[in-house]
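Trainee: Sequence and computational prediction follow.
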Amino acid sequence: MLKTYRSLLAALMLAAAPGVMAADFPLLVATEGGTLQGSVDEGTLAFKNIPYARAPLGDLRWRAPQPVQAWQGVRDASQLSPDCMQGPFGTPPPGGRHPVSEDCLYLNLWRPAGAAQKLPVMVWIHGGGYVNGGSSSLDSGGQSMAARGLVFVSFNYRLGRFGFFGFPALQDEHPEEAKGNYGLMDQMAALRWVKRNIAGFGGDPENVTVVGESAGGMAINMLLSTPAASGLFQRAIIQSGAGRKLPRERHLLKDLPEAASATTLGLAFAKRWQIEGQDAGALAALRKLSAEQVADKLNMISVLLRDRAMFAGPVVDGRLFPTFPETAFASGQQQRVPLLVGTTSWDLGLSMAKTPDEAFAPFGAAAAAARAVYDPDGKGDMGRLNAALGADAAMVEPARFVARAMAATGTPVYEYRFSYVLQAKRAQSPYGAQHATDVPFAFDRLRAVHGDIVTPSDERVADAMADYWANFARNGDPNGKGLPLWRPYSAAADQLLEFGADGAIASHPDPWRARLDLMERRATQ
């Protein structure tokens with residue numbers, strides 16, 4: 001009786017909230033775990049801090065995500081949860097860093113305030129090198145997408161050694177569960193939660209688009225390459241998600257010539273804390289380490305220092321993930337869903353050559369041809385060369401590879417390149433749009449991230465990009481009224497849509513085709 005009275009009182013109070021009429025969608029929603037009380041957020045309805053799996057603490061550290069424990073009464077869903085445990089990275093924002101915790105498996109969603117049902121759903125998978133990031137980021141709030149008539153979902157997944165870890169004793173316990181890729185398992189658990197619960201928020205569980213940038217895009221490549229994720233989404237948007245096999249990719253158990261296995265790295269990490277052995281006792285000791293000890297300040301800088309990181313990242317485990325995405329795409333074994341894929345023009349890359357000869361040596365017999373397309377004026381500007389060669393190798397050519405592989409199956413594909421830079425930041429970006437700068441444009445969150453430096457030109461590009469993304473989520477085609485035509489991708493035409501440096505948006509043949517052909521040859525030789 002008390003629970004019923006409290007629920008009724010809450011419903012009456014919420015119906016009277018400013019900007020929300022009684023006939024609008026309710027702010028009190030029942031889920032499989034219990035009832036949630038949402039809030040009004042920039043004219044949309046928000047439900048935050050929703051558990052999609054049990055807290056992965058104690059003996060659940062390094063276990064597959066477990067079902068949510070139901071709660072009694074009404075759960076306040078107005079505030080974001082902590083992000084997943086991680087080492088600090090970058091300059092702290094003016095308001096301080098968002099809290100982090102090992103108890104972090106929560107999701108957030110935004111939807112329009114009106115009563116519409118069967119809305120398309122967009123699910124965001126954040127980036128951060130699998131070691132940083134979270135759903136608290138201002139650049140990926142769902143308010144603007146909800147205003148466009150979508151249900152937008154973001155969530156946390158385990159990072160660093162919490163999310164990706166191998167150890168011999170883990171193989172012996174719970175043999176029914178997959179091992180190693182706990183962060184990717186979290187992502188699938190969140191998508192399953194969406195499939196089971198999103199109708200209660202007015203979303204269509206059969207119309208789900210996953211969106212990911214950087215590590216989030218790489219994760220989508222992983223999800224596309226495993227049958228275990230089949231049916232969890234109907235479309236995908238990959239922003240700077242690579243697609244070729246990366247040097248750090250590993251198997252769970254076997255040592256490969258180019259990299260140690262995840263289990264070998266797990267043993268090395270245990271020794272750092274004077275934990276010897278490989279049995280259940282050693283695993284219990286690892287689980288008794290504090291969250292801070294397991295994180296050990298791991299972030300996107302320290303992960304590059306091999307002797308410091310002792311971190312595997314996603315692995316091929318032979319069970320949940322039978323092969324690397326590149327292999328799946330090359331052999332046509334990937335899921336076949338409509339795809340929107342692309343990169344920024346000055347994307348992430350790690351080329352650090354000191355001379356042009358060193359830069360072009362990896363092209364072998366094609367070194368002279370590469371020099372001609374990458375350095376046509378012969379100036380040997382190493383800053384510009386390293387920027388172009390690094391980005392093409394890590395992100396730009398791999399994105400084209402994914403587009404071609406998907407288009408070869410007859411699946412609709414749309415490729416883009418984001419070359420636009422905020423007008424106030426152009427002096428800081430001499431070679432083009434940097435990695436991840438497209439994210440607040442894609443979700444129309446420029447002012448939330450950049451404040452008053454945003455210009456009308458910046459806003460026009462963001463408005464168009466978010467409209468394309470929303471249209472694609474509705475029906476698999478980004479085109480819509482008032483937008484420049486975006487032609488589908490084919491290997492023969494090599495068409496992409498460019499968000500130009502000057503703010504122009506146009507579909508045209510890729511002007512970088514010659515250099516990407518050479519990079520493809522280098523990647524596959």
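Mentor: Sure, I can see it. Everything numeric here is computed off the predicted structure, so don't read it as measured data.
Trainee: low-scoring pLDDT stretches of the stretch 101-250 of the chain, where are they?
Mentor: The stretch 101-250 of the chain contains residues with pLDDT under 70 at 247-249.
Trainee: Which residue, other than its chain neighbours, is closest to the most centrally placed residue in the chain?
Mentor: The chain has Gly216 as the residue nearest its centroid, 1.8 Å off, counting by CA atoms, centre = their mean. Nearest residue to Gly216, sequence neighbours excluded (CB to CB, 6 or more residues apart in numbering): Ile125, at 3.7 Å. Every C-beta, even on glycine, is put in place using the N, C-alpha and C of the backbone.
Trainee: So what does the one you found have for phi and psi?
Mentor: Backbone torsions of Ile125, given as degrees, to the nearest 10, read phi -110, psi 110.
Trainee: show me what contacts it?
Mentor: Counting by CB atoms under 8 Å, 6 or more residues apart in numbering, Ile125 touches 155, 157, 187, 210-212, 216-217, 219-220.
Trainee: switch the cut-off to 10 Å
Mentor: 133, 135, 140, 153-155, 157, 184, 187, 190-191, 210-220, 223, 238, 241 (CB atoms under 10 Å, 6 or more residues apart in numbering).
Trainee: now swap in Thr355 and tell me
Mentor: Residues counted as contacts of Thr355 (CB under 10 Å, 6+ apart) are 361, 380, 382, 385.
Trainee: Which one of those residues sits in the busiest neighbourhood?
Mentor: Leu385 (22 neighbours; other CB atoms under 10 Å).
Trainee: Please name the nearest non-neighbouring residue to it.
Mentor: Per CB to CB, 6+ apart, closest to Leu385 is Ala359, 5.2 Å.
Trainee: My read is that that neighbour contacts Ala367, right?
Mentor: Yes - if you go by CB atoms under 10 Å, Ala359 and Ala367 touch, sitting 9.2 Å apart.
Trainee: Compare those two and say which one has the larger neighbour count.
Mentor: Each of Ala359 and Ala367 has its neighbours counted (other CB under 10 Å); Ala359 has more, 24 against 17.
Trainee: and that one, what is it in contact with?
Mentor: So Ala359 contacts 351-353, 367, 370-371, 374-375, 380, 382, 385-386, 388-390 (CB under 10 Å, 6+ apart).
Trainee: next SSE after the lengthiest helix in the chain?
Mentor: The single longest helix within the chain, with elements called by DSSP state H, is helix 456-475. Per DSSP states H and E, the first helix or strand lying C-terminal to helix 456-475 is strand 495-499.
Trainee: and the next element down the chain from that next one?
Mentor: Going down the chain from strand 495-499, the next helix or strand is strand 505-509, by DSSP H and E.
Trainee: strands paired with that next one, and their directions?
Mentor: If you go by DSSP bridges, strand 505-509 pairs up with strand 495-499 (antiparallel).
Trainee: looking at this structure, which helix or strand does the model trust least?
Mentor: helix 2-15 (a mean of 38; mean pLDDT, DSSP states H and E).
Trainee: Point out the other elements, helices or strands, that the next helix or strand after that helix touches.
Mentor: Sequence order places strand 28-30 as the next helix or strand after helix 2-15, per DSSP H and E. Applying 3 or more CB pairs under 10 Å, 6 or more residues apart in numbering; DSSP states H and E, one finds that strand 28-30 contacts helix 2-15, strand 35-37, strand 44-51.
Trainee: Quick check: neighbours of strand 28-30 in the sheet, parallel or antiparallel?
Mentor: Short version: by DSSP bridges, strand 28-30 pairs with strand 35-37 (antiparallel).
Trainee: returning to what we had before: wait, is the residue nearest to Leu385 part of a helix?
Mentor: Yes - the assignment for Ala359 is a helix, going by DSSP: H, G, I helix; E, B strand; the rest coil.
Trainee: Need the per-residue pLDDT for the nearest residue to Thr344 once chain neighbours are set aside.
Mentor: Counting by CB to CB, 6+ apart, the nearest residue to Thr344 once its immediate chain neighbours are dropped is Ala433, at 4.1 Å. In this model, Ala433 is scored at 98, pLDDT.
Trainee: need the contact list for Ala433.
Mentor: By CB under 10 Å, 6+ apart, the contact set of Ala433 is 343-347, 417-422, 425, 441, 499, 501.
Trainee: gap between stretch 300-309 and the chain center?
Mentor: Average the C-alpha atoms of stretch 300-309, do the same for its chain, and the two points are 21 Å apart (CA atoms, centre = their mean, to the nearest Å).
Trainee: now stretch 336-352
Mentor: That offset, for stretch 336-352, works out to 12 Å (CA atoms, centre = their mean).
Trainee: Equivalent analysis for stretch 50-68, please.
Mentor: For stretch 50-68, the distance from its own C-alpha centre to the chain's C-alpha centre is 21 Å (CA atoms, centre = their mean).
Trainee: next one: stretch 420-435
Mentor: 22 Å.
Trainee: Now do it: distance from first to last residue.
Mentor: 12 Å (CA to CA, to the nearest Å).
Trainee: what comes up buried for it?
Mentor: Neighbour counts over stretch 420-435 (16 or more other CB atoms under 10 Å) mark 420-422, 429, 431-435 as buried.
Trainee: what ranges do the strands span in the stretch 201-350 of the chain?
Mentor: Taking DSSP state E, counting those that start in this stretch, the strands of the stretch 201-350 of the chain run over residues 203-213, 235-239, 250-251, 315-316, 339-344.
Trainee: Just name the most buried of those.
Mentor: Among the strands of the stretch 201-350 of the chain, ranked by average contacts under mean count of other CB atoms under 10 Å, first place goes to strand 339-344 (a mean of 28).
Trainee: Tell me the helices and strands packed up against it.
Mentor: Other elements packing on strand 339-344 under the criterion 3+ CB pairs under 10 Å, 6+ apart are strand 203-213, helix 215-224, strand 235-239, helix 397-407, strand 413-418, helix 456-475, strand 495-499.
Trainee: What backbone torsions are found at the residue nearest to Pro338 when sequence neighbours are not counted?
Mentor: Nearest residue to Pro338 in three dimensions, chain neighbours excluded: Gly476, at 3.8 Å (CB to CB, 6+ apart). Backbone geometry at Gly476, expressed as degrees, to the nearest 10, gives phi 80, psi 10.
Trainee: wait, isn't Gly476 in contact with Val208?
Mentor: No - Gly476 is not in contact with Val208 according to CB under 10 Å; the separation is 11.8 Å.
Trainee: so what sits against both of the two?
Mentor: Residues touching both Gly476 and Val208 by CB under 10 Å, 6+ apart: 234-235, 337.
Trainee: buried ones in stretch 463-474?
Mentor: 464-474.
Trainee: what do you get for stretch 41-49?
Mentor: For stretch 41-49, using 16+ other CB under 10 Å, the buried residues are 41, 44-49.
Trainee: Could you pull up the mean pLDDT of that stretch?
Mentor: 97.
Trainee: Run the angle between the longest helix of the chain and strand 495-499 for me.
Mentor: Taking axes from the mean of the first three to the mean of the last three CA atoms, to 10 degrees, one finds helix 456-475 and strand 495-499 inclined to each other by 140 degrees.
Trainee: Next, the angle from helix 456-475 to strand 203-213.
Mentor: 130 degrees.
Trainee: Now do the helices in the stretch 151-300 of the chain.
Mentor: Using DSSP state H, counting those that start in this stretch, the helices assigned to the stretch 151-300 of the chain run over residues 160-163, 168-172, 182-197, 215-224, 262-272, 280-288, 291-295.
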